[in-house]
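*Asks:* Fold the following.
(chains A and B)
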2 protein chains.
Amino acid sequence: MSIQTVPVRLGDRTYDILIGSGLIARAGEEIASRLPRVRVAIVTDDNVARPHLAPLVESLEKAGVASTVITLPPGEKTKSFDALQKVVDGILAARLERGDAVIALGGGVIGDLAGFAAGIVRRGMRFVQMPTSLLAQVDSSVGGKTGINSAHGKNLVGVFHQPQLVLADIDVLDTLPEREFRAGYAEVAKYGLIDRPDFFAWLEANWREVFAGGPARTQAIAESCRAKADVVARDEFETGDRALLNLGHTFGHALEAATGYDSQRLVHGEGVAIGMALAHRFSSRLNLCSMDDALRVEAHLKAVGLPMKMSDIPGSLPDAERLLGYIAQDKKVSRGELTFILTRGIGQSFIAKNVPSSEVLSFLRENLPA
Amino acid sequence: MSIQTVPVRLGDRTYDILIGSGLIARAGEEIASRLPRVRVAIVTDDNVARPHLAPLVESLEKAGVASTVITLPPGEKTKSFDALQKVVDGILAARLERGDAVIALGGGVIGDLAGFAAGIVRRGMRFVQMPTSLLAQVDSSVGGKTGINSAHGKNLVGVFHQPQLVLADIDVLDTLPEREFRAGYAEVAKYGLIDRPDFFAWLEANWREVFAGGPARTQAIAESCRAKADVVARDEFETGDRALLNLGHTFGHALEAATGYDSQRLVHGEGVAIGMALAHRFSSRLNLCSMDDALRVEAHLKAVGLPMKMSDIPGSLPDAERLLGYIAQDKKVSRGELTFILTRGIGQSFIAKNVPSSEVLSFLRENLPA
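*Replies:* Reported below is the predicted structural model:
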């Protein structure tokens, strides 16, 4: 199976995403040829380091790239000011310069944190993403958003900082827990639902092959990266169209907050899955989208084993008023008015501003489990 | 005396610097008309807040601009991760949105810290600078560099984030300690030495009026801002010409580090003054610049009461080898080679790459006090 290259076209910040098999072993060669004389700091977590760090360091050594390693505890709590400071100090202690690179070897948490550090050390170093989860390969590796969490909410602190290169090795996904792969799949399906109805239909027909690995998996990841890259190229700094990528995320983030970011109960991709189903159902309630399309979305998410209703979340949820409060604190609020990504059907999403909060409240009341 | 406007032309990040008398009282009006419906977080320190915070808040209130205040201890130690987190949390606690603004009311420390916070909260909020020191008015308010210090050196962590507006009220300088005003003057003289020989000659003739206040002061600040804006417009992200602004800073930063950033012994502008004198003397030693020009620089700095030799620093200094070590850790190092701003004479500075460290070492040995 060959390697697919997806270019992300952003003027002088244009970069390539390579997707395929064996890319960790080829990392040294790719990095040394694209970033001559670079030195690197590898940021990773304990879980990812165990299988993947030694092969990466070996590949870099073979290519003559000197590396230092900064290892963090796994998990969302690592997206903190403390961890950021640890990474920044580690990079500076290694005396890396502006032209040197930070490599993020890990999932979304490591990518967001390491990218943020790369964006602020010496006001911006080079950055290479090596995403090791499906979610990171199709979402956080494209678009340059980096950041950490705050007591006030997720991803509220960060910068836009584009990588020079993304290496998405699909082999690493074989070692993922199935629940994590499935959660990442929610973002794959999202690209179909935003504006690629044919891709959604392809997924309905081929999701088993995507889960099994091989060419269908590379194809699904590459198509997802292309879809995201198209949106990002239109709106790098999220002043317009890029908000489409938040399909499912406004409800999803609120549910993550409502469950205290407890990954036993709900991980990000599961929140997005329920959020996408709710966005379609809410659109149907507002007579924007047919109930048939909303049910088709729910059926596909259910088929792959994803949750798609609030009642699928174990444990109790806060009431509709408190959920609305979480939505209002979400950063997609513009001047106090609620902005949602709604849809006119499969692959026909759009940005809806001035959604009345009373409508959201009634909808939440109807859909919360008794 | 009228208000001078200096535009900083950076494409869609273009903004105005207003310089003159009474601008704190006019701040509400200027901000409300330029940033409609904005809410603000004022970041300041205890010393600046005492005389200037109440008039600013009052001016904002009159113009219908709601504000929240975040006050920090004065001093360089405030450029830390801890203070950054405090400012970020304060902005988020006030529920400010992306379109809202952070106002930096203070000197360079507050400007650098508040600008960094504005650059990372929600991946970039609006930012208004109200610099209250001469140094901040002529240097840190132009160009969008923000940041904090690290155990590894000054300003090693930060972002480029341009303000929407700078309001430089010259009246606030009347309450500055004379030593602080004088230190800021070193950066004013720097612009003459970089590429404006006529401005340097004007300062030699008019420095007493600049120190006394009034139109000559406004003129000197406006000319300095124009000089810096010209360089920044050519090279926003410091990949080339912008390094000229570091004239005097490589030696200066090393001396600041060597004196442990102890403001009793040496403040930033004083380090720059000695650094500029050393840069001219070093250029003369390398047969690039006449000794007459080096002596002319020293004479002017001495006339205004600034230090201009390493022996002017009270207390003992480390030896030449250790000073060179501080220089090597400075961020203007490119791939291990020393880059200096040298000069061919008054107003003829240039970027010199590959300066042999052996030359620097001999020069330091000759010029360190016995």
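*Asks:* Just confirm yes or no for the helix or strand where A:Glu366 lies near chain B.
*Replies:* Assigned by DSSP states H and E, A:Glu366 belongs to helix A:357-367. No: using CB under 8 Å from any CB of the partner chain, helix A:357-367 never reaches chain B; the gap is at least 15.5 Å. Quick note: C-beta positions are derived from backbone N, CA and C, even for glycine.
*Asks:* Which of the helices or strands spans A:Lys154?
*Replies:* Per DSSP H and E: strand A:153-157 holds A:Lys154.
*Asks:* could you say what helices and strands that strand packs with?
*Replies:* strand A:148-150, helix A:249-258, helix B:81-93 (3 or more CB pairs under 8 Å, 6 or more residues apart in numbering or on different chains; DSSP states H and E).
*Asks:* mind redoing it with 7 Å?
*Replies:* strand A:148-150 (3 or more CB pairs under 7 Å, 6 or more residues apart in numbering or on different chains; DSSP states H and E).
*Asks:* ok, the strand it packs on: who's next to it in the sheet?
*Replies:* strand A:153-157 (antiparallel) (DSSP bridges).
*Asks:* how distant is the strand it pairs with from the center of its chain?
*Replies:* Offset of strand A:153-157 from its chain centre (CA atoms, centre = their mean, to the nearest Å): 14 Å.
*Asks:* send the alpha carbons of that strand over as CSV?
*Replies:* What follows is strand A:153-157, C-alpha atoms only, in CSV (Å, rounded to 0.1, in the frame of the first residue of the first chain):
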residue,chain,number,x,y,z
GLY,A,153,-13.5,25.5,29.5
LYS,A,154,-11.6,23.4,27.0
ASN,A,155,-9.2,24.8,24.4
LEU,A,156,-9.7,28.4,25.6
VAL,A,157,-6.0,29.2,25.6
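*Asks:* what mean pLDDT does it have?
*Replies:* When pLDDT is averaged over strand A:153-157, the result is 90.
*Asks:* That strand: what's the following helix or strand?
*Replies:* Strand A:153-157 is succeeded, C-terminally, by strand A:165-169 (DSSP H and E).
*Asks:* List of residues touching that following strand?
*Replies:* Residues from elsewhere that reach strand A:165-169 (CB atoms under 7 Å, 6 or more residues apart in numbering or on different chains): A:15-19, A:22-24, A:27, A:30-31, A:34, A:128-131, A:137, A:141, A:221.
*Asks:* Could you do stretch A:44-63 as well?
*Replies:* Counting by CB under 7 Å, 6+ apart, A:24-29, A:31-32, A:40, A:42, A:67, A:69, A:71-74, A:78, A:105-106, A:110, A:132, A:172, A:175 sit against stretch A:44-63.
*Asks:* These in strands, which ones?
*Replies:* Among the contacts of stretch A:44-63, the members falling in strands (DSSP state E) are A:Val40, A:Ile42, A:Ser67, A:Val69, A:Thr71, A:Leu72, A:Leu105, A:Gly106.
*Asks:* surely the last one meets A:Gln137?
*Replies:* No: in this structure, A:Gly106 is not within contact of A:Gln137 by CB atoms under 7 Å, at 11.5 Å.
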